[in-house]
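>>> Any chance you can model this:
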Amino acid sequence: MIFANLILADEINRAPAKVQSALLEAMQEHQVTIGDRSYPLDDPFLVMATQNPIEQEGTYPLPEAQVDRFMLKLNITYPSKQEEREIMDRMTTGQVPTAQPVISPDRIIAARSTVNEVYVDEKIKNYILDIVFASRHPKDYGLEELQGLIEYGASPRASIYLTTASRAHAFLRRRGYVTPEDIKSIGMDVLRHRIIVTYEAEAEEITAEQIVQKIFDKIEVP
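This next block holds a predicted model:
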């Protein structure tokens, strides 16, 4: 069921190519097309997805274009002992957990409008552009050691989402302006799936996360 505000695509890499293509339209155009008719999706509309990093049998790799549609990529590790105790208690009672509304869609839309008003200084905008462009042309930013390790740098969506996510990060900390710390705090989640490493980097066991960290360490903070 795609006609909802929040969609969870569990183990999205198990979906065949046609399903992934249909989801791509929903994520990009916020609509679903059946035959010659298109149906708009609800606002707000958000897709969350999980991907099993271990099991590869029976999976379909996600195209880079679809991965790029996701604003953030989070690496989820094992839960803490306290968290796992809560999971254990919830799932062994025989009762189905239920969710209760905590906010209305209208309030989310209003908050989204407020986030768009968070101030981003010109120096901060240039800082974001330097980070993104360093992933495309590392040599121009004194990162010669990354020259042969990056197959494709971050797309223009990286600049857009770094700005938007940094605004949201500042908003959650009750500030009306973005700082470089906001960008660094959220930057890894925005960039880790947008930098494609070369075979040479894979052979040397260099990850996209390590490349992003080197860029953050090198680019001067305004």
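>>> For this protein, which residues score under the pLDDT cut-off?
Along the chain, segments meeting pLDDT under 70 span 1, 53-58.
>>> Could you chop the protein up by domain?
Here the domain parsing of the chain from automatic domain parsing is 6-70, 105-218.
>>> what distance separates the last one from the middle of the whole chain?
Average the C-alpha atoms of domain 105-218, do the same for its chain, and the two points are 10 Å apart (C-alpha atoms, centre = their mean, to the nearest Å).
>>> change the start of the numbering to 850 and stick with it
Understood, numbering begins at 850; the last thing we discussed is domain 954-1067.
>>> In which helix or strand does the spatially most central residue of the chain reside?
Residue closest to the average C-alpha location in the chain (C-alpha atoms, centre = their mean): Leu921, at 1.1 Å. Using DSSP states H and E, Leu921 sits within no helix or strand.
>>> Roughly how far does Ile861 sit from Thr926?
To Thr926, Ile861 is 19 Å away according to C-beta to C-beta, to the nearest Å. Placement of C-beta: from N, CA and C, glycine included.
>>> ok, these two, which is more surrounded?
Ile861 (22 against 5; other C-beta atoms under 10 Å).
>>> still on that earlier bit, of the domains of the chain, flag the one that's most buried.
Stretch with highest mean neighbour count among the domains of the chain: domain 954-1067 (a mean of 17; mean count of other C-beta atoms under 10 Å).
>>> about what we covered before: gap between the residue nearest to the centre of the chain and Val967?
17 Å.
>>> cool, Thr1056 as well?
31 Å.
>>> Check which helix or strand the residue nearest to the residue nearest to the centre of the chain when sequence neighbours are not counted maps to.
The shortest distance from Leu921 to any non-neighbouring residue, by C-beta to C-beta, 6 or more residues apart in numbering, is to Asp1038 (4.3 Å). Here Asp1038, judged by DSSP H and E, is contained in helix 1029-1040.
>>> cool, Ala1014 as well?
helix 1005-1021.
>>> residue contacts, the residue nearest to the centre of the chain?
With contacts defined as C-beta atoms under 8 Å, 6 or more residues apart in numbering, Leu921 is in contact with 1010, 1014, 1035, 1038-1039.
>>> I'd like those as JSON lines, with distance to Asn854 appended.
Shown next, in JSON lines, are the contacts of Leu921 (distance: C-beta to C-beta, whole Å):
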{"residue": "Tyr1010", "distance to Asn854": "20"}
{"residue": "Ala1014", "distance to Asn854": "20"}
{"residue": "Ile1035", "distance to Asn854": "23"}
{"residue": "Asp1038", "distance to Asn854": "22"}
{"residue": "Val1039", "distance to Asn854": "22"}
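>>> which one among those gets closest to Ser953?
Distance ranking of the contacts of Leu921 against Ser953, using C-beta to C-beta, places Ala1014 first at 23.2 Å.
>>> before we move on, back to that, following the chain past the helix holding Asp1038, name the next helix or strand.
In N-to-C order, the element after helix 1029-1040 by DSSP H and E is strand 1045-1046.
>>> mind checking the SS state of Ile856?
Under DSSP: H, G, I helix; E, B strand; the rest coil, the three-state class of Ile856 is strand.
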